[in-house]
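Asker: Let me see the structure of the following:
(one chain, ligands or ions: 1)
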Amino acid sequence: MIVQEKVWIITLLGVGLVALTFLFVIVQAGKPPISDLAPEKAHAHVLQRWWFLALVVLGVAIAFSTLRPFPIASQQAQSPTAQIVNAIGHQWAWELSRSKVTAGIPVEFDVTGADVNHGFAIYGPNDRIVTQVQAMPGFTNRLLYTFTEPGKYRVLCLEYCGVAHHGMAAEFDVVAADDGGRK
Ligand SMILES: [Cu+2]
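Answerer: Purely as a prediction, here's the structure:
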């Protein structure tokens, strides 16, 4: 297991522990012992508890269903695509191993930094950001993206990395699947 996975599991356990503590405190706060309550009040109390539990289950279900699929590609798994672009951030330029990729087929960007941290961000033909990942010295971050719109895409830096940070721009073309083989 790599260090990021260990950190991820430790983080989840820690957050889970904090959440459980909060739940415990909320459930216990100001609660008189049920034996002290009149029978109809005790009944209302039990009902409230069930409502609260139902809300917690609903919240977890909503979070789980809307956070799937997990947006970050597995960093260890076998590459699902032959379209691999090696991207290296330098002060102050991007080095890309390819200048053309095909739409409709997943593209894997293997992103790293040569000197300091950079932010690898891809902007579409309409100048809207489509995806991004951190470019870090000593790590290769794997970013998977399937382009749907052919056109000219730009890579810009999203993390201030020195005096010419604003000049860090590179371009690549996304071509339609039918002329991807010929060009
Ligand atoms: Cu930068």
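Asker: just the strands in this protein please.
Answerer: Secondary structure of the chain (DSSP state E): strands at 83-90, 93-96, 100-102, 106-113, 118-123, 129-135, 141-146, 151-157, 169-175.
Asker: For the lowest-mean-pLDDT helix or strand in the chain, buried residues please.
Answerer: Sorted by mean pLDDT, DSSP states H and E, the helices and strands of the chain end with helix 39-66, the least confident at a mean of 84. The neighbour-count check on helix 39-66 (16 or more other C-beta atoms under 10 Å) flags nothing as buried. The way it works is simple: take the backbone N, C-alpha and C, and place the C-beta from them, glycine included.
Asker: shaky segments in the chain?
Answerer: Per-residue confidence for the chain (pLDDT under 70) gives these ranges: 34-35, 37, 68-69, 71, 179-183.
Asker: Please list the residues of it that sit near the ion.
Answerer: 118, 157, 161, 165 (C-beta under 5 Å from the ion).
Asker: one more time with 8 Å, if that's ok
Answerer: 89, 91-92, 118-119, 157-162, 165-166, 168 (C-beta under 8 Å from the ion).
Asker: Tell me which residue of the chain is furthest from the middle?
Answerer: Ala38 (51.0 Å; C-alpha atoms, centre = their mean).
Asker: just to revisit the earlier point, can you redo the residues of the chain next to the ion as JSON lines with neighbour count?
Answerer: Formatted as JSON lines, the residues of the chain next to the ion follow (neighbours: other C-beta atoms under 10 Å):
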{"residue": "Gly89", "neighbour count": "28"}
{"residue": "Gln91", "neighbour count": "16"}
{"residue": "Trp92", "neighbour count": "17"}
{"residue": "His118", "neighbour count": "31"}
{"residue": "Gly119", "neighbour count": "19"}
{"residue": "Cys157", "neighbour count": "25"}
{"residue": "Leu158", "neighbour count": "16"}
{"residue": "Glu159", "neighbour count": "18"}
{"residue": "Tyr160", "neighbour count": "12"}
{"residue": "Cys161", "neighbour count": "20"}
{"residue": "Gly162", "neighbour count": "12"}
{"residue": "His165", "neighbour count": "17"}
{"residue": "His166", "neighbour count": "10"}
{"residue": "Met168", "neighbour count": "24"}
